[in-house]
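Novice: sequence plus the predicted model coming up.
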Amino acid sequence: MMANQKISKPAPIYMTPACALRLRAELKEILYQLRPEMVKTAAWAASNGDRSENADYHYAKRKLRQYDGRIRFLTQRLHDATIVDSAEQQKIAKGRVLFGCTVTVETEAGEEKGFSIVGVDELDIARGYVSWISPIGRALLGAVEGDLVTFSTPGGQTELEIVKVEYKELE
């Protein structure tokens, strides 16, 4: 490694309590329901004889590898995550946009839209959930009501006015 090269640190993993709950529920379902059922399927398929041409066996083994990979991912993700509660954020926000907040903005066209600042595991544009590391998320963070924020999109620069900042429980 060259002396002038920087080693970049991975971005922190923030998530809302609702996201952590969903990930824990998924992990529990895989560990205690889906994976054990697939182990039974693999055992049954293996008992049918020649494994080299046994499609059921190969399918079950592939599924088990997928489950094991997802288990590793979820376990590590939950271990590394910082769970950020909106109610706690509101106490320190002083009217600023912070992680977990819901922001109402007015677009250049005059329409109002709502965005909730969430973690990368919660991104859902249809619900207005934007990642804190997305261009719009980064532009909104730290802003207060009345501020104009600008960010780049594939279509060019976009400007939004902050109309309302609120901290409420996200689902």
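Specialist: That came in fine, so what should we check first? Numbering: from 1, shown residues only.
Novice: does anything pack onto the longest strand along the chain? Which helices or strands?
Specialist: Longest strand in the chain by number of residues, with DSSP state E as the criterion: strand 156-166. Contacting strand 156-166 under the criterion 3 or more CB pairs under 8 Å, 6 or more residues apart in numbering; DSSP states H and E are the following elements: strand 102-106, helix 135-140, strand 148-153. For every residue, glycine as well, the C-beta is placed using N, CA and C.
Novice: okay, those in CSV with mean neighbour count next?
Specialist: As requested, the helices and strands packed on strand 156-166 are exported to CSV (neighbours: other CB atoms under 10 Å):
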stretch, mean neighbour count
strand 102-106, 20
helix 135-140, 20
strand 148-153, 12
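Novice: just put these in a markdown table and tack on distance to E29.
Specialist: Output for these, formatted as a markdown table (distance: least, CB to CB, whole Å):
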| stretch | distance to E29 |
| --- | --- |
| strand 102-106 | 29 |
| helix 135-140 | 29 |
| strand 148-153 | 37 |
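Novice: do you know which of the ones you listed lies nearest A55?
Specialist: Checking these against A55 by CB to CB gives helix 135-140 as the closest, at 44.9 Å.
Novice: contacts for that closest one next, please.
Specialist: Residues from elsewhere that reach helix 135-140, judged by CB atoms under 8 Å, 6 or more residues apart in numbering: 97, 103, 105, 115, 117, 130-132, 149-153, 158, 160, 162.
Novice: just the residues you listed now: which is nearest K9?
Specialist: Among the contacts of helix 135-140, and counting by CB to CB, the member closest to K9 is W132, at 15.9 Å.
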